[in-house]
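Asks: I need the structure of the sequence given here:
(chains A and B)
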Amino acid sequence: MARMKFLCDADRCIECNACVTACKNEHEVPWGINRRRVVTLNDGKPGERSVSMACMHCTDAPCASVCPVNCFYTTADAVVLHSKDLCIGCGYCFYACPFGAPQYPRVGNFGSRGKMDKCTYCTGGPEPDLSTIEYEKYGSNRLAEGKLPLCAEMCSTKALLAGDGEMIAQIYRERVIKRGYGSGAWGWKTAYRETVAI
Amino acid sequence: MRQEKKSGIGRRQFFRTIGGGSAVAAATLISPLSTSEAQAYDPGAEETKARYRETDHVKAFYRTNGYETLQK
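Replies: So this is what the prediction gives:
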């Protein structure tokens, strides 16, 4: 069974924000919510690198672990989705997520946030596939149409990879073999510096 | 000073009655929750089924992303 994954090749990302724009347009994401955004490290300095970030659809998702109403579920494609009918907008998932993926449409009095919104890997939600109600709540369902997330398909420099984890790992591995490891914006040595032996 | 005899329920008796009534109501509300177990959300097999298919569209994505090195 294929496991859907995102991988951003930081050596290729030029911070054009096309992935962010494509996502917002495809799903008609309202103002104030960014399901995807580009994070730049060492901005304006030599060696700056950009990484496109969204929900990483974790295998053991911390958002699902802390949700008090258990509104998260994982599909057979290993995509982490949630039900907006069950979500109470408590914000626990936002604090638990290491990538800042969960977003909220409102900042109201007494901490009211509205229903949580996040990247769906262009897979919609629990409503019937390609239905109007699914589109209104979660955006389009490109996987059901036989396509991949639009952010990756739109990427002009082929930095953002999406699809079967084994397939995109193979693509990235062969890039690294050809050109070298490069920026090291990802990986164990980035997280743990030189103290870890790979 | 003459003490007037109040008719009906006194203040203390009134709160005693209200308190007892709300305790019974709370017990009625809580008892079904305390006996049932928490249920994880199960959207059903149809909603969690695999939607990914390696269509020509997807194959074209893999081919164009790996065209420099990936031999197809």
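
Asks: Which residues are in contact with the closest residue in space to A:Gly32 that isn't next to it in sequence?
Replies: Of all residues beyond its chain neighbours, the one nearest A:Gly32 is A:Pro105 (6.5 Å), with distances taken as CB to CB, 6 or more residues apart in numbering or on different chains. Just so you know, the C-beta spots here come from the backbone N, C-alpha and C atoms, and that holds for glycine as well. Shown in contact with A:Pro105 (CB atoms under 8 Å, 6 or more residues apart in numbering or on different chains): A:Pro30, A:Gly32, A:Ile33, A:Arg113, A:Gly114, A:Lys115, A:Asp117.

Asks: which of those lies closest to B:Arg11?
Replies: Ranked by distance to B:Arg11 (CB to CB), the contacts of A:Pro105 are led by A:Arg113 at 43.5 Å.

Asks: so the closest one makes contact with A:Gln103?
Replies: No. At 9.3 Å, A:Arg113 does not count as touching A:Gln103 under the criterion of CB atoms under 8 Å.

Asks: related to what we said a few turns ago, which of the contacts of A:Pro105 are buried? Put it as a PyMOL command.
Replies: The following PyMOL line selects those of the contacts of A:Pro105 that are buried, judged by 16 or more other CB atoms under 10 Å in any protein chain shown:
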select buried, chain A and resi 33+113+114+115+117
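
Asks: want to throw the contacts of A:Pro105 into TSV with distance to A:Tyr172?
Replies: Converted to TSV, the contacts of A:Pro105 look like this (distance: CB to CB, whole Å):
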residue	distance to A:Tyr172
A:Pro30	33
A:Gly32	33
A:Ile33	29
A:Arg113	36
A:Gly114	37
A:Lys115	34
A:Asp117	29
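
Asks: just the CA coordinates of stretch A:88-107, formatted as PDB?
Replies: Presented in PDB, the C-alpha positions along stretch A:88-107 are these (Å, rounded to 0.1, in the frame of the first residue of the first chain):
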ATOM      1  CA  ILE A  88     -14.500  22.000  18.700                       C
ATOM      2  CA  GLY A  89     -11.700  24.400  17.900                       C
ATOM      3  CA  CYS A  90      -9.900  23.900  21.300                       C
ATOM      4  CA  GLY A  91      -6.500  24.500  19.700                       C
ATOM      5  CA  TYR A  92      -4.700  21.500  21.400                       C
ATOM      6  CA  CYS A  93      -3.600  20.200  18.000                       C
ATOM      7  CA  PHE A  94      -1.900  23.500  17.200                       C
ATOM      8  CA  TYR A  95       0.200  23.300  20.300                       C
ATOM      9  CA  ALA A  96       1.000  19.600  19.600                       C
ATOM     10  CA  CYS A  97       2.000  19.900  16.000                       C
ATOM     11  CA  PRO A  98       5.700  20.400  15.400                       C
ATOM     12  CA  PHE A  99       5.100  22.000  12.000                       C
ATOM     13  CA  GLY A 100       2.400  24.500  13.000                       C
ATOM     14  CA  ALA A 101       0.000  22.900  10.500                       C
ATOM     15  CA  PRO A 102      -3.400  23.400  12.200                       C
ATOM     16  CA  GLN A 103      -5.000  26.800  11.400                       C
ATOM     17  CA  TYR A 104      -8.100  28.500  12.700                       C
ATOM     18  CA  PRO A 105     -10.400  30.800  10.900                       C
ATOM     19  CA  ARG A 106     -11.300  33.200  13.700                       C
ATOM     20  CA  VAL A 107      -9.800  34.900  16.700                       C
END
